[in-house]
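# based on what follows, work out the 3D shape:
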Amino acid sequence: MTGPTKSHGRKSISASLKPQELMRANPKLAGVWTAQVITLFPQCFPGILGESLTGKALKDGKWALETTDLRRFGEGRHKNVDDTPAGGGAGMVLRADILGAAIDETRRTAPKDRPMVYLSPRGARFDQAMARDWAGANGITLLCGRFEGVDQRVLDHYQIAEVSLGDFVMTGGEIAAQAMLDAAVRLLPDVLGNAASVEDESHSNGLLEHPQYTRPALWNGRSIPEVLQSGHHGNIEKWRREMAEQLTQSRRPDLYEKRSKKEKDS
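Numbering: from 1, shown residues only. Reported below is the predicted structural model:
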């Protein structure tokens with residue numbers, strides 16, 4: 001079932017109840033923030049990105065998502081994309097020639113300054129500052145690895161940055177890609193609809209977010225802190241900042257130390 005066609009000034013976009021149709025139905029829009037994903041599993045996208053606010057923004061043309069099926073560039077009857085590691089060892093490595101062909105096609109219409117990232121457990125750890133940088137660019141090209149990784153020559157030739165979701169290993173980069181894209185897309189203009197919520201959340205100012213409460217005022221013998229019901233905005237703001245600092249200091253001393261050092265230096 002499809003809804004009425006909306007005009008966005010560039011091309012029309014048809015809404016769809018099926019997440020993958022958000023990608024197939026949406027034409028390329030000039031100048032829109034675009035995520036390009038090179039993957040062996042294009043059917044995994046948009047995944048969770050097709051739901052909620054990111055899905056609505058995708059449908060409304062506030063950002064675009066393109067996938068490149070790496071298997072299309074494979075060789076032989078089975079479309080092989082990998083081979084054994086040079087020098088021996090366990091596992092398989094994605095071939096340089098296969099990856100190069102996929103990257104060249106993906107980047108053919110992309111702006112030359114669009115960042116390109118390989119999702120790798122040995123990369124720099126993804127954080128909120130990186131999400132802001134991606135959102136401030138004209139899009140991002142993500143290479144999802146599999147098996148034992150990719151031929152190093154590809155990373156060197158295309159000067160691809162390596163980024164990690166965290167200090168753990170996954171079977172591939174697709175889940176990490178969706179997590180990182182979610183973090184970046186929600187920072188794009190008009191996606192959240194409330195700029196203040198971005199400013200107040202965890203990591204936006206170097207601190208974890210303060211505790212949140214809502215109705216009912218009393219639940220299971222636990223009440224909302226009185227200051228939050230006082231109506232005194234100055235005291236509420238002071239309490240929230242104190243709570244954020246306490247939480248950060250106890251749960252993420254590394255963040256707290258980093259922020260304290262930055263404040264001293266400034």
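
# rest of the way, CA atoms for contacts and neighbours
Fine.

# tell me if I am right that residue 140 is in a strand.
Yes: checked against DSSP: H, G, I helix; E, B strand; the rest coil, residue 140 lies within a strand.

# burial measure for it, as a count.
Number of residues near residue 140 (other Cα atoms under 10 Å) recorded here: 23.

# with residue 107 instead?
Neighbourhood size, residue 107 [other Cα under 10 Å]: 14.

# wasn't residue 29 part of a strand?
No: membership of residue 29 in a strand is not supported by three-state DSSP, which gives coil.

# and stretch 44-51, what's buried?
For stretch 44-51, burial by neighbour count (16 or more other Cα atoms under 10 Å) applies to 45-46, 49-51.

# need the mean per-residue confidence for the helix or strand in which residue 238 is found.
Per DSSP states H and E: residue 238 is located in helix 233-251. When pLDDT is averaged over helix 233-251, the result is 97.

# repeat for stretch 173-192
The pLDDT scores in stretch 173-192 average 97.

# check stretch 125-133 too.
Predicted confidence along stretch 125-133 averages 97 (mean pLDDT).

# could you tell me how far it lies from the centre of the chain?
Taking the mean C-alpha point of stretch 125-133 and that of its whole chain, the gap between them comes to 9 Å (Cα atoms, centre = their mean, to the nearest Å).

# residues contacting it, please?
Residues from elsewhere that reach stretch 125-133 (Cα atoms under 8 Å, 6 or more residues apart in numbering): 163-167, 180, 183-184, 187, 203-204.

# what about the strands in the stretch 151-266 of the chain?
For the stretch 151-266 of the chain, applying DSSP state E, counting those that start in this stretch gives strands covering 161-164, 218-219, 222-223.

# thinking again about what came up before, can you lay out the buried residues of stretch 44-51 as TSV showing distance to residue 148, secondary structure and pLDDT?
Output for the buried residues of stretch 44-51, formatted as TSV (distance: Cα to Cα, whole Å; DSSP: H, G, I helix; E, B strand; the rest coil; pLDDT from 0 to 100):
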residue	distance to residue 148	secondary structure	pLDDT
45	22	coil	98
46	25	coil	98
49	27	helix	98
50	29	helix	98
51	31	coil	97
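
# what about the residue located most distally from the centre of the chain, distance to residue 243?
Taking Cα atoms, centre = their mean as the measure, the residue most remote from the mean C-alpha position of the chain is residue 221, 39.2 Å away. Relative to residue 243, residue 221 is positioned 21 Å away (Cα to Cα, to the nearest Å).

# coming back round to it: inside helices: which ones of the contacts of stretch 125-133?
Judged by DSSP state H, helices contain the following of the contacts of stretch 125-133: 180, 183-184.

# buried ones only from those residues, please, as a PyMOL command.
To isolate in PyMOL the members of the ones in helices among the contacts of stretch 125-133 that are buried, counting by 16+ other Cα under 10 Å, one can use:
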select buried, resi 180+183+184
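
# list just the nearest of the ones in helices among the contacts of stretch 125-133 to residue 40.
Comparing the ones in helices among the contacts of stretch 125-133 against residue 40 with Cα to Cα picks out residue 180 as the nearest, at 18.1 Å.

# how many residues are close by the closest residue to that closest one other than its chain neighbours?
Leaving aside its sequence neighbours, residue 180 sits nearest to residue 131 (Cα to Cα, 6 or more residues apart in numbering; 7.2 Å). Burial of residue 131, expressed as a neighbour count using other Cα under 10 Å, amounts to 18.

# how far is the helix or strand containing residue 131 from where the chain is centred?
Assignment of secondary structure by DSSP H and E places residue 131 within helix 128-136. Offset of helix 128-136 from its chain centre (Cα atoms, centre = their mean): 9 Å.

# in the helix holding residue 238, what's buried?
Within helix 233-251, the residues that qualify as buried by neighbour count (16+ other Cα under 10 Å) are 236, 239-241, 243-249.
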